[in-house]
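Student: give the three-dimensional model of this entry:
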Amino acid sequence: MRSVVLSRPLERWCVQAMSHLLSVPTDLLDEAWEQVRHKQAYRTFAIENSRVVHLPTDLLFEIQRRFLRQVLYAGPISPAACAGVPGRTLLPIISNHLRAAGELLCMDIQDAYGSTSFSHVSLALRQRLRQEMWVLGLAHPQTVAVAAALTYLVVAPKGRGPTQQLPLGTPTSVALFNLVCLELDGDVLRLLDHMAPGQLYYTRYVDNLAIFGSGHLPSGIEQELEKIIWKHRYRVRHEKTRRCLAAQGVICGMQRTKSGEIEPSDRTRQRLAEQIRTHLAAFDKWNASVTSRDRTLAALRGLDSFIRRFYDNHSRERPPELRFVVPDAPKVPLTDNIDVLWR
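Tutor: Numbers count the residues shown, from 1 in each chain. Okay, the predicted model is just below:
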């Protein structure tokens, strides 16, 4: 049995194991593997702050959606994660942090997706799929090989070199990052319980860590959190670290107004407006495939639903830059609007 190497076709037993795990026909997995190994799996474009969005081919997109349902949504899911998790909505979580009294600490992971390596993802998948691999009768070397092959289907090339990273813009991006951060979240929760049992509230929105305390937060908490982040091979984006009164905080681009309502900050509104313009332009392209138009329409419906939570549903007028009409087309499922606020 050979180890999985991106430059070679997969062995049949490996493709069959992946087919069982994902419920995807082997011929489609073979085709997707060829796209990945020949670097034809993604179209890329740059957005603000020099971030690169990876748009998978229609085939890889559907396989990643299946991966999302079969593997990532099947658990385990971190109790601290509040993005990319079915049934967890952002608004009540933010409200718990941005209270009238108390103290808030926000910290960001530096270049979260770009710093999530092939080994990060492969190890997380081996741990997640340990029981399924045992049911399939795979020995340890086979388990390692299958996890590596699956990893290549959900990561993307980093720049022009041979290394891989977690891509921004794919169906699996945020949920996969949640899986990678499962142990990190556990370490943070145990630290907070040790420092102030039952008094601190922690959530993570992708790369943004937020900790609320009804009183003053413990001294030295920033340094202890940074040790945990380093332990898991990430770095802190120090310029985004902020400790403040909870009522004055900004979490995931959301803030509390003087009247007590939660709404997007100025910068977040700009980001939402940019996404609206981008998706409307993509939907109007005459040569867009049916699948691409459906995905764009789902994104627009997701944006509209997200904005409604803060304005329309509370009889508040939207800012001019967030006013748009979703194109009239057959309804498609809303996307998990998980990359709207990622930064």
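Student: going by C-alpha atoms from here, please, whenever you check contacts or count neighbours.
Tutor: OK.
Student: tell me the centre residue of the chain?
Tutor: Val174 (1.3 Å; Cα atoms, centre = their mean).
Student: how many neighbouring residues does Trp134 have?
Tutor: Trp134 sits with 12 neighbouring residues when counted by other Cα atoms under 10 Å.
Student: over to the one 4 residues further on?
Tutor: The burial count assigned to Leu138 is 18, neighbours taken as other Cα under 10 Å.
Student: for it, give me phi and psi.
Tutor: Dihedral pair for Leu138: phi -90, psi 130, per degrees, to the nearest 10.
Student: any idea how far His97 is from it?
Tutor: 45 Å (Cα to Cα, to the nearest Å).
Student: equivalent analysis for Pro320, please.
Tutor: From Pro320 over to His97 the distance is 28 Å, taken as Cα to Cα.
Student: with neighbour numbers in mind, choose between the two.
Tutor: Each of Pro320 and His97 has its neighbours counted (other Cα under 10 Å); His97 has more, 26 against 8.
Student: could you chop this protein up by domain?
Tutor: Domain assignment of the chain by automatic domain parsing yields the ranges 12-74+117-159, 90-111+180-252, 255-343.
Student: chain neighbours aside, what residue packs nearest to the residue nearest to the centre of the chain?
Tutor: For Val174, ignoring the flanking residues on the chain, the nearest one in space by Cα to Cα, 6 or more residues apart in numbering is Gly84 at 5.5 Å.
Student: that neighbour should be in a helix, yeah?
Tutor: No - applying DSSP: H, G, I helix; E, B strand; the rest coil, one finds Gly84 to be coil, outside a helix.
Student: with just CA atoms, put the helix or strand of the chain with the lowest mean pLDDT into CSV.
Tutor: Scoring the helices and strands of the chain by mean pLDDT, DSSP states H and E places helix 90-97 at the bottom, with a mean of 80. Presented in CSV, the C-alpha positions along helix 90-97 are these (Å, rounded to 0.1, in the frame of the first residue of the first chain):
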residue,chain,number,x,y,z
LEU,A,90,-25.4,34.8,15.9
LEU,A,91,-27.7,37.4,17.4
PRO,A,92,-28.5,35.9,20.8
ILE,A,93,-24.9,34.9,21.3
ILE,A,94,-23.7,38.5,20.6
SER,A,95,-26.4,39.8,22.9
ASN,A,96,-25.0,37.6,25.7
HIS,A,97,-21.6,39.3,25.3
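Student: for it, packing partners?
Tutor: Applying 3 or more Cα pairs under 8 Å, 6 or more residues apart in numbering; DSSP states H and E, we find helix 90-97 packed against strand 208-213.
Student: just the helices in the stretch 101-250 of the chain please.
Tutor: 112-115, 118-128, 130-135, 140-154, 173-180, 182-195, 221-231 (DSSP state H, counting those that start in this stretch).
Student: mean neighbour count, these: which tops it?
Tutor: Highest mean neighbour count among the helices of the stretch 101-250 of the chain (mean count of other Cα atoms under 10 Å): helix 173-180, with a mean of 24.
Student: just checking, what packs against that one?
Tutor: helix 118-128.
Student: taking helix 182-195 as reference, get the angle to the helix it packs on.
Tutor: Relative orientation of helix 118-128 versus helix 182-195 (axes from the mean of the first three to the mean of the last three Cα atoms, to 10 degrees): 80 degrees.
Student: got the angle for helix 118-128 vs helix 173-180?
Tutor: 70 degrees.
Student: what lies in contact with helix 118-128?
Tutor: Helix 118-128 has contacts (Cα atoms under 8 Å, 6 or more residues apart in numbering) with 75-76, 143-144, 147-148, 150-152, 155, 163-166, 176, 179-180.
Student: apply 7 Å and report the result again.
Tutor: Helix 118-128 has contacts (Cα atoms under 7 Å, 6 or more residues apart in numbering) with Thr143, Val144, Ala147, Ala148, Thr151, Gln164, Gln165, Leu179, Val180.
Student: just stretch 64-78 next, same as before
Tutor: In this structure, residues lying in contact with stretch 64-78 by Cα under 7 Å, 6+ apart are Leu22, Val154, Pro171, Thr172, Ala175, Leu176, Asn178, Leu179, Leu182, Asp185.
Student: distance check, the third one against Arg65.
Tutor: This means Pro171. 6 Å.
Student: neighbour count winner among those two?
Tutor: Neighbour tally, Pro171 and Arg65, criterion other Cα under 10 Å: the higher count belongs to Pro171, 27 against 17.
Student: mind checking pLDDT for the more buried one?
Tutor: According to the prediction, Pro171 has pLDDT 93.
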